[in-house]
Structures are given as structure tokens and as C-alpha cells.
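# Sequence first, predicted coordinates after that:
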Amino acid sequence: MILFRLTLKSLANRKATVLMTLAMLVMSNVLLLTVDRLRLDTRASFANTVSGTDLIIGARTGSLNLLLYSVFHLGNATNNISWQSYQELIAQKEIDWAIPISLGDSHRGYRVVGTDTTMFTHYRYGKKQNLAFADGEAFDGVFDVVLGAEVAKSLGYKVGDEIVVAHGVGKTSFTEHGDKPFTVTGILKATGTPIDKSLFVSLEAITAIHVDWINGVKLPGVKISAEQALTMDLQPDSITAAMIGLKSRMQIFTFQRLVNNYRAEPLTAIIPGTALAGLWQLIGLAENALIAVSVIVAITALLGMTTVILTSLNERQREMAVLRAIGLSSSKVAALLVMESGFYGVVSVIAGYLLHALSILALAPIVQEQFGINLSLSVPSLALSLTLGGFLLATFLLGLIPGIAAYKRSLADGLIIRR
Amino acid sequence: MTAISIESLIHTWPGQSHATLDIKELNINAGDTFFIHGASGSGKSTLLNILAGVLSIQSGKLEVLGQNFATMSHAQRDKFRADNIGYIFQQFNLLPYLTVMENVTLPCHASKQRERNAIEQYGSVEEAAHYGLTSLNIPKALFHTSVMRLSVGQQQRVAAARALIGNPSIIIADEPTSALDHDNIQNFMETLKQKCSEINSTLVFVSHDRTLAEFFGQSMTLPSRLQEAEQ
């Protein structure tokens, strides 16, 4: 007890050094915690997005590629599925529901997704939740649009507003479908998935805005108004991909084989979870590098702490001699230094967690908006808890280095104060 | 009763050809005041470390309060020191991060016996510290201030109060007056002797300053190694 009080008072007497040492250790803990949080939450965000989908179907391509462009809107499709093949496939008896996806247009940097109303009734994310409307309802007419939560929030749209869709997916597009404006009929609740950053229109709408276009270029001299377009046959020729739910999960592999061996055109069917596992394998390298760096930073901080305590031994020689004189044993003098080291460990882990929590709270909205990743505050993972436990243990063990030095010195020098 | 009894005590530091310390015989009676004169290099620090039980005995015999130090472990000697020995250094006796009171009561946290003594005599450790500090002329206003604000003379008196609290049987003083001026030395010596006799402690006082011998009943001189080499 007296040792603990002496440790605290002695530390309080060296505030500047102690605070700087703590800052160093705290930062290394924040780094460890935050890197781990980012890693887990990135994975969770991806997994949540496809949690209710059994298969994703697209043109023949790599499974990762298909997953990324169809669901996460990363990169672009190289090819489409013909409408006819799509119809044939979803007529199969195994199919419970199918959501067509037609990509290629955007609105002020947000993707426009051509789909049908099964999107709002059957798409499931997170813990198998359906989409819900914050305001309004699903699209009904050709020139109706439903907005993801973030689109509506950041662009300030409300139900009833008119918007213009642009061709292509850049932030700024020079070719707009300005002649065919859309009316907002509904705004979705936030989901923490790429849905929030998307606009939804019917497949017919995608056809309609492109009736006077061929191969991505507006036909010169041809001008078909929105009213005229409505009178035309708006059935799409093709779609980009489709998300599929089967009646039974037992049929996933059979149906996947059916799609992959489809005769009429080369197609790919992927199981989202499996494709994600491939993604993690790829990202795992980068993750491991980040973790390695943060572990090295932690080790550096621990060595720095040990150096600080060792350096303090010289100026604390009198203190040690006085404590020996009043009857403290050499091992108690050593314990004083181990406790000091342990104090750094305990305080820096706690302060590190608090600072990590604060920074997550502060950064979560920005990260959500920029990267669509939901940063959450929760207990560290098992692996990280073990790492932090190891960090804590290391502070006590490293305390033995100055501890043993002081032990030897106080045995040899005893009450002699060398100047 | 004999407080300290030495027979052919020899100590040689590693790597040295001559013994740093070589005492044939020394007996100090309980309650006595004893002056040990030694020039630098005479091995007085070594002697003090051995008397305090910090340094193990190489050869010879040392009994303190009837306990044979040679047969005691480090831990036993540490406990013995905490219980029975008050120690005053030359200078910088006090822990800079503790207040005056905290410094004085420190031995009572290290030794149950001294805590018990203090409580028996004064009711509480704090009361014992108050009494000790007051009788050593430390103004009450300074009791709870940082020791950094004390003059050197005050620091040495606080150190004395710490050595005396809980009535240890032996007080060892290692040149406690070397940083003091003449008037302060007189005052300090008289007070220290008086306090020791009040609690029946044996005072062992070491200094290179031969003139201080006049304050003590008995004295001895440690031969310096330099003189030995000449002989």
C-alpha cells in the first residue's frame, strides 16, 4: 500500500515526463484499437450489404468483380445479361425472388440504379431487414425516383422535388438526360450500406432516358421528348446484374451451376459470402500490414517507456537510498519501478480506449459519408483484447528491467549516495 | 547491555588489494552516544552500511541489539533496520514529492513496531510526528508544505524527526551537520543528543570533523587507508 502511494506521488512529482510518456503509450493504444475497429467494421459493412442475398448473377466475369460492381458500386460492369436470359432464369422453380440491377447513370456523383419494386419488398440487409421508407413510397411511374437516405440528406431533396439524371458515373457529367427529369416519390431510411448512396428508378426509366442514345452517345438530331418516350416500348434489352433469393438455401449450389453452365450466353453466379471471403483474402494482406505497423508502434512506445524509467534511475538514486534507509528491502525498491511501469500500462490502456471511443464518435459520421462504413463502438475483439493484455503484461515485465537495475544498485550501493 | 558489538570485522571491496574496513574490537553500550571519526577513504560509509544491515558481513562478527547480523538474511536485516534503526544522511534526506509530515511518518509505514510505539506514546502517528517536529523547532506552518521549501537546517531537523519517530533503539547519523553553519551545528548536535537520550536510543555519529568529538561520551578513529599505506 505504501509502495503504491509512493509510486503515485513520485509520478506526480515528475508530471511533464510522465505525461509525455503516457501520451506516447496512449497513442500507440489508440492506433491498435482504431485499426482493429476499422478492419472489423469494414468487414461488417460489406457483409451486412449482402446478408439476405443467396446469389448474384451477372455477365461472365470474375466473382469479386461482379460482387464489387453489382452491389457495392465499385468499378464498372464489362458486360450485361440479356433481358431474355434473365427472364428465363427467374422463371425457374427454385427462384423465390429476383431483383434486377441496371447501372450506368448517376446523379451528382451518386449512382442511379434501375430496378423494380422487388427491391423494396425483397432486398434484405444487415440482420435480414427489409428496406423501409422514411418518407413517401416506391416509384410507380416511369419518371419516378426513390432516393437513398444519404442522397436525400446531403443534396437536401424531399418528396416531390424534380431531379435530372446524368449519363456516366463521374462526379461531374457533361451529358445529362436533362430532357427527361424525374420526380422524387420516396426517400429510404438509412441502412449503412451503398443503398444510402443510390437513387432507384424503374428499369423502364433507364430505357426511356436512353431511347435517343446509341452505344452511350446521344444521337445527333434525334429528339424524343419524355411524353413521346412513354408511348414507346420500354422493356429493357439487358440488365447489369441481378440479386436472387432462392426458395431453399439447399439449392444454392445447384442453381449456381445451372447459371454458370447456361448455354444461351456466358453468365456468372456468385455466392456473396464466398466472394467476400475472396475479398478478405486480398485485403487481408493490407490489414496485416496495418496491424503489423501498429504493433511495431506499440513496441516502440514500450521501449521508449522503459528508457524513460531507466534514465530516471540516476536522478532518483537519493530517493532509493532514503527508502532503503527506512527499511524497505531491495525487492520493494524494485517493485516500486515495476509498479511505475505497470501504472503507465494500466493508465495508457484505459486512456487509449477512451480516446479511441471519442475519436470513433467524432469520426463515425464522416467515415460513413465518405466510405459507407459504419464505425461502431464496442468491446475490442478477442485477438485485440489479447494484444492489449499482452501490452499490459509487457509494461509490468519491462518494469523488471529498471527494477532489477535498481535492485542490484541498491544492494551494492546501499545507503551510499554517489555523486 | 551492549547495543553494538564488533569483533575482527573486515571488509574488502571487490578488486581492491587492501581491506577498506578492519576493526579489531568495538563495543557500544545501549544509550551511549558514540562518535566515529574517519577521513574520506577510511571506510566509514562501508561501516555504516554494515551497521545498518544493508551490506553483508564478509568476515568477523557483528551483533546489534544481541542479533548476529552474519546469520541473518537480507530480508531479516531489512526488517530489523526498519524496526530498530533511525538513519540520518549527510544531506537530501527527504523525499521531494512528500510533505514534511509524510516524510516524518514514513518509518511508521515501513515498520509495524515503530507505528505501534508512536501510537502507544502519543495516540497516533500524526501526533507523534507533530511532537517530534515541534520539539525540533519546525514551525507548524511548514508541516504540510513541500520539503523543497525548507532551509538546509530545517531539512536536517526534519530528517532527525523521521529517524526518531517510533523510538528506534539505534540512531545512525552520517555527517548530518556537514551542510550546516556553526550555530546550526551546535543547536543540531545538542537537540539530537537530547532527543536520543529522551527515548533511550544509542547514537552512532560519524564525521570527518574531529571537533565534533567534544559532544560525545566515547569516540574512535578509523584509520585512513592512506595512513595505513604509509605505515
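Arrived safely. Numbers count the residues shown, from 1 in each chain, chains lettered A, B, ... in the order given.
# B:Thr20 is in contact with B:Pro14, isn't it?
No: with contact defined as C-beta atoms under 8 Å, B:Thr20 does not count as touching B:Pro14 (10.7 Å). (Each C-beta comes from the backbone N, C-alpha and C, glycine too.)
# in chain B, which segments are predicted with low confidence?
B:225-231 (pLDDT under 70).
# Closest residue of it to chain A?
Residue nearest to chain A within chain B (C-beta to the nearest C-beta): B:Ala82, separated by 2.3 Å.
# give me every residue that touches that residue.
Taking C-beta atoms under 8 Å, 6 or more residues apart in numbering or on different chains, we find B:Ala82 in contact with A:Ile326, A:Gly327, A:Leu328, B:Pro107, B:Ala110, B:Ser111, B:Arg114.
# switch the cut-off to 7 Å
Residues near B:Ala82 by C-beta atoms under 7 Å, 6 or more residues apart in numbering or on different chains: A:Ile326, A:Gly327, B:Pro107, B:Ala110, B:Ser111.
# Okay, and it sits in which element?
Assessed by DSSP states H and E, B:Ala82 sits inside helix B:74-84.
# tell me the SS of the nearest residue to the residue of chain B closest to chain A once chain neighbours are set aside?
Spatial nearest neighbour of B:Ala82, chain neighbours left out: A:Gly327 (2.3 Å); criterion: C-beta to C-beta, 6 or more residues apart in numbering or on different chains. What DSSP: H, G, I helix; E, B strand; the rest coil gives for A:Gly327 is coil.
# Give me the buried stretch members for stretch A:133-146, please.
For stretch A:133-146, a neighbour-count test (16 or more other C-beta atoms under 10 Å in any protein chain shown) marks A:Gly136, A:Ala138, A:Phe139, A:Val142, A:Phe143, A:Asp144, A:Val145, A:Val146 as buried.
# And those residues, which two are furthest apart?
Spatial extent of the buried residues of stretch A:133-146 (C-beta to C-beta) is set by the pair A:Gly136 and A:Val142 at 16.7 Å.
# returning to what we had before: so which of B:Thr20 and B:Pro14 has more stuff around it?
Counted by other C-beta atoms under 10 Å in any protein chain shown, B:Thr20 and B:Pro14 do not tie: B:Thr20 has more neighbours, with 18 against 5.
# Report the contact partners of the more buried one.
B:His11, B:Thr12, B:Trp13, B:Gly43, B:Thr46.
# Show the buried residues in those.
Neighbour-count burial (16+ other C-beta under 10 Å) is assigned, among the contacts of B:Thr20, to B:His11, B:Thr12, B:Gly43, B:Thr46.
# Could you measure from A:Ala91 over to chain B?
Here A:Ala91 is placed at a distance of 83 Å from chain B (C-beta to the nearest C-beta, to the nearest Å).
# Actually, A:Leu290.
Taking C-beta to the nearest C-beta, one finds A:Leu290 at 41 Å from chain B.
# Give me the distance between the helix or strand that contains that residue and the centre of its chain.
With elements delineated by DSSP H and E, A:Leu290 resides in helix A:272-315, which encompasses its position. Distance, stretch centre to chain centre, for helix A:272-315: 19 Å (C-alpha atoms, centre = their mean, to the nearest Å).
# and the contacts of B:Thr20 as CSV, adding distance to A:Arg316?
Below are these laid out as CSV (distance: C-beta to C-beta, whole Å):
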residue, distance to A:Arg316
B:His11, 27
B:Thr12, 29
B:Trp13, 24
B:Gly43, 27
B:Thr46, 23
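# Same list, the residues you listed, but only the ones touching chain A.
By C-beta under 7 Å from any C-beta of the partner chain, no member of those lies near chain A.
# How far off centre is the helix of greatest length in chain B?
Criterion DSSP state H: the longest helix present in chain B is helix B:182-198. In terms of C-alpha atoms, centre = their mean, the gap separating the centre of helix B:182-198 from the centre of its chain is 14 Å.
# try stretch B:24-41
Offset of stretch B:24-41 from its chain centre (C-alpha atoms, centre = their mean): 12 Å.
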